[in-house]
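>>> attaching a predicted model along with its sequence, questions to come.
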Amino acid sequence: MMQDSRSRDSFVLRAALFYAVSYSLLGIHLPFFPVWLQSTGFSAGEVGAILAATALLRIVSVPVATAAADRKFGLRPTIILFATATAAGFSALGLVSGAWLIVALTAFTAFAHTPAVALQDAYTLRGLRARSAVYGPVRLWGSIFFILANLGAGLAFDLIETRHLIWLLAAAAMATALVATLLLPLPAPVPVTEQGLPPRPFWRAGRFIAIVIAASLIQSSHAVYYGFSTITWKAAGFDGLVIGSLWALGVVAEIVLFACVGRLPRAFGPVQLIVLGGLGAAIRWIGLAFDPTGWTLPLLQVLHALSFGASHLGAVAFIAHAAPEGRGATAQGYFSVAQGIAFSASMLLAGTLYAAIGAASYAAMAAIALAGAAVAGVVWLRKPDV
């Protein structure tokens, strides 16, 4: 019993540490990579096109990664492989110049990095399920270090040339690859056919499809925020530390939700969380469409707990329940591919609209989020939650 407890504690600790370092990379990448791209000479429209194209790479990279994890190598070796490639990609970006070479290396790095969330969640959920542990308190360490990375990179943004921000990304990616080697191996899952169960046809299950579409729409409605909020706030005169703090504030609210999710009333099931996330996103984007700079801006940032947090938790919980043993990475991969398609289209739209109308482009994101909430709402009304 004591050995089982130590095994559980070791797994949880290492998984939490991996979330911490990997989300530190995200905490630098999401706010500041678009600004770095702009510093190399790309226009706002070109930045949007590059980010859209890299998101579209999920269609290829995520199935490759999840198939490798589920069918051949296992989750831990696949995570190590892709994390190492990501570190190599960001490091190479710091050494090159020229638009086409930057685009090519950005594509390579995105190919390696985009499966990260699907693989990481599948690994963690499988290990936690075997240990009867809860996902939220482990995942929140990613959010905490996302905040610290926001603030640290924001401070660096004021102290170093923008073109040198790429080295912060390279360092965070190297740390992620190193910590990935510390993850504990998982026992081989029992193949579905050995359980006496036929493989679930994910894409023939209308409920699964609807939830994936709903959550993907809500997450893709963050395109203007992820791609252009830092550029908008920089143009408004905010310094790097303030910008990092605004990003961090949203994630603080997300952490509170992750920490408390186990105490929510039973009425807040996965589908209900997705609906709530879509409604929160719509309110947030409508507010940001007016380009606020006063006290309303921090309040709108707190809605990140719903727009990202609630919709993410709902989707992860639903998909984990829907996937049989041994197909968790594949199910998460399907969701990640759908997100990539939706986000790519949304980012192309965001880049075009932002170049034409600036912050008012958030209004289109509100419509996308409402569409996602409506799809999840239909699922909620038609059948009891899982």
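Good, I have the coordinates. Residues are numbered from 1 along each chain as shown.

>>> any idea where the helices of the stretch 251-386 of the chain begin and end?
270-288, 296-302, 304, 311-322, 328-357, 362-382 (DSSP state H, counting those that start in this stretch).

>>> between the ones you listed, which gets nearest to Gly48?
Gly48 lies closest, by Cβ to Cβ, to one member of these: helix 328-357, at 1.7 Å. The way it works is simple: take the backbone N, C-alpha and C, and place the C-beta from them, glycine included.

>>> quick one: list the elements packing against that closest one.
Packing partners of helix 328-357 (3 or more Cβ pairs under 8 Å, 6 or more residues apart in numbering; DSSP states H and E): helix 44-56, helix 58-68, helix 116-130, helix 206-220, helix 223-235, helix 311-322, helix 362-382.

>>> export those helices as TSV, with columns for mean neighbour count and mean pLDDT.
Listed next are those as TSV, based on neighbours: other Cβ atoms under 10 Å; pLDDT from 0 to 100:
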stretch	mean neighbour count	mean pLDDT
helix 44-56	21	82
helix 58-68	20	78
helix 116-130	23	81
helix 206-220	23	89
helix 223-235	23	89
helix 311-322	23	82
helix 362-382	21	94
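
>>> reformat these as a markdown table; add distance to Leu75.
Below are the helices and strands packed on helix 328-357 laid out as a markdown table (distance: least, Cβ to Cβ, whole Å):
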| stretch | distance to Leu75 |
| --- | --- |
| helix 44-56 | 23 |
| helix 58-68 | 9 |
| helix 116-130 | 4 |
| helix 206-220 | 21 |
| helix 223-235 | 27 |
| helix 311-322 | 14 |
| helix 362-382 | 28 |
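
>>> what stretches of the stretch 251-386 of the chain score poorly on pLDDT?
Scanning the stretch 251-386 of the chain for pLDDT under 70 picks out 261-267, 322-330, 332-333, 383-386.

>>> switch the cut-off to 50
385-386 (pLDDT under 50).

>>> rewinding a little: closest one to Trp141 among the helices and strands packed on helix 328-357?
Of these, nearest to Trp141 by Cβ to Cβ is helix 116-130, at 10.9 Å.

>>> so who does the closest residue to Ala360 other than its chain neighbours touch?
Distance criterion Cβ to Cβ, 6 or more residues apart in numbering; nearest residue to Ala360, sequence neighbours excluded, is Ala289 at 5.4 Å. With contacts defined as Cβ atoms under 8 Å, 6 or more residues apart in numbering, the neighbours of Ala289 are Ala359, Ala360, Ser361, Tyr362, Ala363, Ala366.

>>> distance check, Ala289 against Phe228.
12 Å (Cβ to Cβ, to the nearest Å).

>>> list residues touching both of these two?
With Cβ under 8 Å, 6+ apart as the test, Ala289 and Phe228 both reach Ser361.

>>> relative to Ala364, how far out is the closest residue to Val316 other than its chain neighbours?
Nearest residue to Val316, sequence neighbours excluded (Cβ to Cβ, 6+ apart): Asp121, at 5.9 Å. Asp121 is 28 Å from Ala364, where distance means Cβ to Cβ.

>>> surely Ala156 touches Ile166?
No. Ala156 is not in contact with Ile166 according to Cβ atoms under 8 Å; the separation is 11.4 Å.

>>> what angle sits between the longest helix anywhere in the chain and helix 328-357?
Identified as the longest helix of the chain according to DSSP state H is helix 2-39. Put simply, helix 2-39 runs at 20 degrees to helix 328-357, going by axes from the mean of the first three to the mean of the last three Cα atoms, to 10 degrees.

>>> thinking again about what came up before, any idea how far the residue nearest to Val316 is from Val62?
Taking Cβ to Cβ, one finds Asp121 at 12 Å from Val62.

>>> now do Phe258
In terms of Cβ to Cβ, Phe258 sits 23 Å off from Val62.

>>> with Arg284 instead?
Counting by Cβ to Cβ - Arg284 and Val62 are separated by 27 Å.

>>> contacts for the helix or strand where Ala83 lies?
Assessed by DSSP states H and E, Ala83 sits inside helix 75-93. Counting by Cβ under 8 Å, 6+ apart, helix 75-93 makes contact with 22, 25, 65, 68-69, 73, 102, 105-106, 108-109, 111-113, 115-116, 119-120, 122-123, 126, 166, 169-170, 173-174, 176-177, 180-181, 183-186, 329, all of which sit outside it.

>>> which helices and strands sit right next to the next helix-or-strand element following it?
Sequence order places helix 99-113 as the next helix or strand after helix 75-93, per DSSP H and E. Packing partners of helix 99-113 (3+ Cβ pairs under 8 Å, 6+ apart): helix 2-39, helix 44-56, helix 58-68, helix 75-93.

>>> nearest to Ser132, of those?
Of all the helices and strands packed on helix 99-113, helix 2-39 comes closest under Cβ to Cβ, at 8.3 Å.

>>> packing partners for that closest one?
Against helix 2-39 (3+ Cβ pairs under 8 Å, 6+ apart) you get helix 44-56, helix 99-113, helix 116-130, helix 135-159, helix 166-180, helix 223-235, helix 240-260.

>>> and Ser10, which of these is closest to it?
So among the helices and strands packed on helix 2-39, helix 116-130 is nearest, using Cβ to Cβ, at 10.4 Å.

>>> can you pick out the most distant pair from the contacts of Ala289?
It's Ala359 and Ala366 that sit farthest apart of the contacts of Ala289, by Cβ to Cβ, at 12.2 Å.

>>> that older thread, mind putting the helices and strands packed on helix 99-113 in TSV, distance to Trp380 included?
Listed next are the helices and strands packed on helix 99-113 as TSV, based on distance: least, Cβ to Cβ, whole Å:
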stretch	distance to Trp380
helix 2-39	29
helix 44-56	28
helix 58-68	27
helix 75-93	31
